[in-house]
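Chemist: I need the structure of the sequence given here:
(one chain, ligands or ions: 1)
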Amino acid sequence: MSGDTAARTAIVTGGAGGIGAAIVAALTVDGFRVAAWDLSVETSTEVGLDGCIDVAVDLTSGESVAAAYATTAELLADGTQPAVPDVVVNNAGIDVIAPFLDTDERDWDRIIAVNLKGLFHVCKAVLPPMIERVAATERGATIVNIASDAGRVGSTGEAVYSATKGGVIAFTKTLAREQARNGVTVNCVCPGPTDTGLLDQLAATNQRLYDGLARAVPLGRIAQPTDIAGVVAFLASPAAAYMTGQTLSVSGGLTMA
Ligand SMILES: NC(=O)c1ccc[n+]([C@@H]2O[C@H](COP(=O)([O-])OP(=O)(O)OC[C@H]3O[C@@H](n4cnc5c(N)ncnc54)[C@H](O)[C@@H]3O)[C@@H](O)[C@H]2O)c1
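Modeler: Alright, predicted model coming up:
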């Protein structure tokens with residue numbers, strides 16, 4: 001890492017959601033100017049006092065992602081140069097909880113479109129400028145992908161979700177190998193059950209399973225979004241500069257894979 005003083009910038013997809021908002025907050029505390037990309041954002045906003053912007057995007061559309069990137073580069077610009085992210089957190093994800101035999105092709109297409117294809121669109125948009133910026137400044141850049149322990153060990157009622165998250169883990173390792181020579185590191189965080197809207201779906205479909213999960217966690221509780229955000233902030237920090245291609249579970253010990 002060089003000693004240049006340009007403001008560090010980050011993009012967090014799904015930045016309006018439970019874990020995403022906690023990641024945005026953690027990176028802001030660490031001094032990043034952050035773009036929170038989300039489907040639930042209606043209109044992109046100017047930089048707030050906290051150094052954050054909200055950017056409207058639908059990750060399933062390559063055009064929408066390209067437009068979100070252009071908006072981010074302009075709104076987070078430092079002086080006349082468009083902003084290029086130092087950190088990109090691919091966090092957005094969706095799930096539909098149902099036994100495999102009750103899922104249909106539409107469920108699969110929708111979950112794959114967000115959880116996997118969204119990653120494709122974002123990485124295609126951000127990597128070329130990140131690589132160019134790293135070459136020009138010798139300051140490294142990093143991508144953090146949010147997968148799930150469902151992608152490591154499987155999860156009843158989450159067949160397609162687990163398949164996409166296993167894909168995210170494998171994609172992380174491949175991209176890490178390809179991008180190491182360009183000074184871009186790529187790592188993956190696998191949350192265990194975390195207290196957000198996504199997990200509320202599980203409680204709504206099967207409260208007994210939810211309660212059982214909470215009891216099964218060795219550390220004795222469901223994660224809070226800040227538990228995940230702290231690990232993402234570590235991976236985004238210079239302390240993790242020598243890590244790439246790694247998959248970190250943040251699950252209170254529920255999985256030890
Ligand atoms: N909550 C958990 O228990 C848990 C466990 C393991 C992994 N995860 C993963 O953590 C990540 C964040 O999940 P969360 O629990 O905060 O969920 P959440 O539902 O609170 O947030 C997800 C966010 O993604 C956004 N989003 C969905 N589709 C989008 C699209 N097409 N374009 C742009 N944004 C879109 C939503 O609007 C929402 O704000 C996901 O990848 C999820 O799979 C969550």
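Chemist: So which bits of stretch 167-176 are buried?
Modeler: Of the residues in stretch 167-176, 167, 168, 169, 171, 172, 173, 175, 176 count as buried by neighbour count, 16 or more other C-beta atoms under 10 Å. Glycine gets a C-beta too; all of them are placed from N, C-alpha and C.
Chemist: and the nearest residue to the first one once chain neighbours are set aside, how many neighbours?
Modeler: Spelled out, it's residue 167. Excluding the flanking residues, the one nearest residue 167 by C-beta to C-beta, 6 or more residues apart in numbering is residue 116, at 5.2 Å. Residue 116 has 17 neighbours, counted by other C-beta atoms under 10 Å.
Chemist: same deal with residue 225?
Modeler: Neighbours around residue 225, by other C-beta under 10 Å: 20.
Chemist: so it touches residue 193, yeah?
Modeler: No: counting by C-beta atoms under 8 Å, residue 225 does not reach residue 193; the two are 11.8 Å apart.
Chemist: Partner strands of the longest strand belonging to the chain, with direction?
Modeler: Counting residues, the longest strand in the chain under DSSP state E turns out to be strand 184-191. Sheet partners assigned to strand 184-191 using DSSP bridges are listed as strand 141-146 (parallel), strand 247-250 (parallel).
Chemist: quick check: angle from the next helix or strand after it to strand 184-191?
Modeler: Proceeding C-terminally, strand 184-191 gives way to helix 197-205 as the next helix or strand, assigned by DSSP states H and E. Interaxial angle, helix 197-205 versus strand 184-191 (axes from the mean of the first three to the mean of the last three C-alpha atoms, to 10 degrees): 20 degrees.
Chemist: Go through helix 197-205 and flag the buried ones.
Modeler: Buried, per 16+ other C-beta under 10 Å, within helix 197-205: 198, 199, 202, 203.
Chemist: Over to the closest residue to the last one other than its chain neighbours. Which of the three states is it?
Modeler: This means residue 203. Take residue 203 and drop its neighbours on the chain: the residue closest to it by C-beta to C-beta, 6+ apart is residue 210, 4.3 Å away. At residue 210 the chain is in helix, as set by DSSP: H, G, I helix; E, B strand; the rest coil.
Chemist: Run through the residues that contact residue 210.
Modeler: Residues counted as contacts of residue 210 (C-beta atoms under 8 Å, 6 or more residues apart in numbering) are 193, 199, 202, 203.
Chemist: any idea how far it lies from residue 133?
Modeler: From residue 210 across to residue 133, the span is 43 Å (C-beta to C-beta, to the nearest Å).
Chemist: Residue 196 versus the residue nearest to residue 167, what's the distance?
Modeler: Relative to residue 196, and taking C-beta to C-beta, residue 116 is found at 20 Å.
Chemist: same thing with residue 85?
Modeler: 24 Å.
Chemist: ok, back up a step: which one among the buried residues of stretch 167-176 gets closest to residue 93?
Modeler: residue 168 (8.5 Å; C-beta to C-beta).
Chemist: Just the CA trace of stretch 85-94, in PDB.
Modeler: This file holds the C-alpha atoms of stretch 85-94, laid out as PDB (Å, rounded to 0.1, in the frame of the first residue of the first chain):
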ATOM      1  CA  PRO A  85     -13.900   2.000  -5.500                       C
ATOM      2  CA  ASP A  86     -11.200   0.700  -3.200                       C
ATOM      3  CA  VAL A  87     -13.600  -1.800  -1.700                       C
ATOM      4  CA  VAL A  88     -16.700  -3.500  -3.300                       C
ATOM      5  CA  VAL A  89     -18.900  -5.600  -1.000                       C
ATOM      6  CA  ASN A  90     -21.300  -7.900  -3.000                       C
ATOM      7  CA  ASN A  91     -23.800  -8.300  -0.200                       C
ATOM      8  CA  ALA A  92     -27.300  -8.200  -1.800                       C
ATOM      9  CA  GLY A  93     -29.000 -11.600  -1.800                       C
ATOM     10  CA  ILE A  94     -32.500 -13.100  -1.700                       C
END
